[in-house]
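A.B. asks: okay, structure incoming, though there's no sequence with it:
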């Protein structure tokens with residue numbers, strides 16, 4: 001999501017007391033019982049050779065196709081890791 005500099009400046013100028021937060025639920029004890037910390041993962045730029053039809057399909061999904069490729073690889077990685085750890 002992108003936001004223009006003008007709109008960002010408008011948002012930043014809104015006083016805290018004018019921001020309606022009534023639709024945001026309170027974070028009660030139940031929320032914190034289930035909450036878990038997710039550490040950000042550092043990404044690394046690489047050169048990767050993949051089939052052109054695969055690349056074109058991911059690109060056709062629109063903006064963020066590289067993140068989508070990463071998500072698919074992460075899903076596969078987590079699945080395989082679970083199989084190896086459970087089996």
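C.D. replies: Nice, I can see it. Since the model is a prediction, treat every value here as computed from it, not as a measurement. Numbering: from 1, shown residues only.
A.B. asks: so how far is residue 24 from the residue nearest to residue 61 when sequence neighbours are not counted?
C.D. replies: The spatially closest residue to residue 61, leaving aside those adjacent along the chain, is residue 68, at 5.8 Å (CB to CB, 6 or more residues apart in numbering). Where C-beta positions appear, they are placed from N, C-alpha and C, glycine not excepted. Remark: distance between residue 68 and residue 24 (CB to CB, to the nearest Å) = 29 Å.
A.B. asks: also residue 48?
C.D. replies: Distance from residue 48 to residue 24, by CB to CB: 40 Å.
A.B. asks: ok, residue 39 next?
C.D. replies: Where residue 24 is concerned, residue 39 sits at a distance of 25 Å (CB to CB).
A.B. asks: quick one: contacts for the most centrally placed residue in the chain?
C.D. replies: Using CA atoms, centre = their mean, the residue of the chain that lies closest to the mean C-alpha position is residue 67, 8.4 Å off. Listed by CB atoms under 8 Å, 6 or more residues apart in numbering, the contact set of residue 67 is empty.
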